[in-house]
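Asks: Coordinates for the following, if possible.
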Amino acid sequence: MSLTRQDVEKIAHLARLSITDREMPVYVSSLSSIVEFVNELARVETANVEPMAHPLAGQRQRLRPDAFTDSDHHEKYQRNAPQVQAGLYLVPRVIE
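Replies: Got it, this is the predicted structure:
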């Protein structure tokens, strides 16, 4: 699928990009190449491909134990706050 100038203009508008007339052919060509490459990847037969845990044969992903290590520092943090009431930080009112 090749993108047209109008397609790139719509994409640029949605992305809030300002592309000059001089830059437009480069963007059309580059984005078309990217879309064509993604379409080519989508056509690859992957039904018989086994999932890999690591891209290098014989290697394994080192995993750490799934354990909760964080502790409650709520009171420690609130001691530094200028104003606290009922466990909540009090801040100046900004909307009248």
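Asks: C-terminal to the lengthiest helix in the chain, what's the next element?
Replies: Identified as the longest helix of the chain according to DSSP state H is helix 24-42. Per DSSP states H and E, the first helix or strand lying C-terminal to helix 24-42 is helix 74-79.
Asks: Quick check: buried residues in that following helix?
Replies: Going by neighbour count (16 or more other CB atoms under 10 Å), nothing in helix 74-79 comes out as buried. In short, each C-beta sits where N, CA and C put it, glycine included.
Asks: So which residues make contact with that helix?
Replies: By CB atoms under 8 Å, 6 or more residues apart in numbering, the residues outside helix 74-79 that reach it are 84, 87, 89.
Asks: Next, format these as a markdown table and append secondary structure and pLDDT.
Replies: Formatted as a markdown table, the contacts of helix 74-79 follow (DSSP: H, G, I helix; E, B strand; the rest coil; pLDDT from 0 to 100):
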| residue | secondary structure | pLDDT |
| --- | --- | --- |
| 84 | strand | 92 |
| 87 | coil | 89 |
| 89 | strand | 92 |
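Asks: Would you format those residues as a markdown table with neighbour count and distance to residue 51 included?
Replies: Below are the contacts of helix 74-79 laid out as a markdown table (neighbours: other CB atoms under 10 Å; distance: CB to CB, whole Å):
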| residue | neighbour count | distance to residue 51 |
| --- | --- | --- |
| 84 | 14 | 50 |
| 87 | 8 | 46 |
| 89 | 11 | 46 |
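Asks: so how far is the lowest-mean-pLDDT helix or strand in the chain from its chain's centroid?
Replies: Ranking every helix and strand in the chain by mean pLDDT, DSSP states H and E puts helix 74-79 at the bottom, with a mean of 90. For helix 74-79, the separation from the chain centroid amounts to 33 Å (computed by CA atoms, centre = their mean, to the nearest Å).
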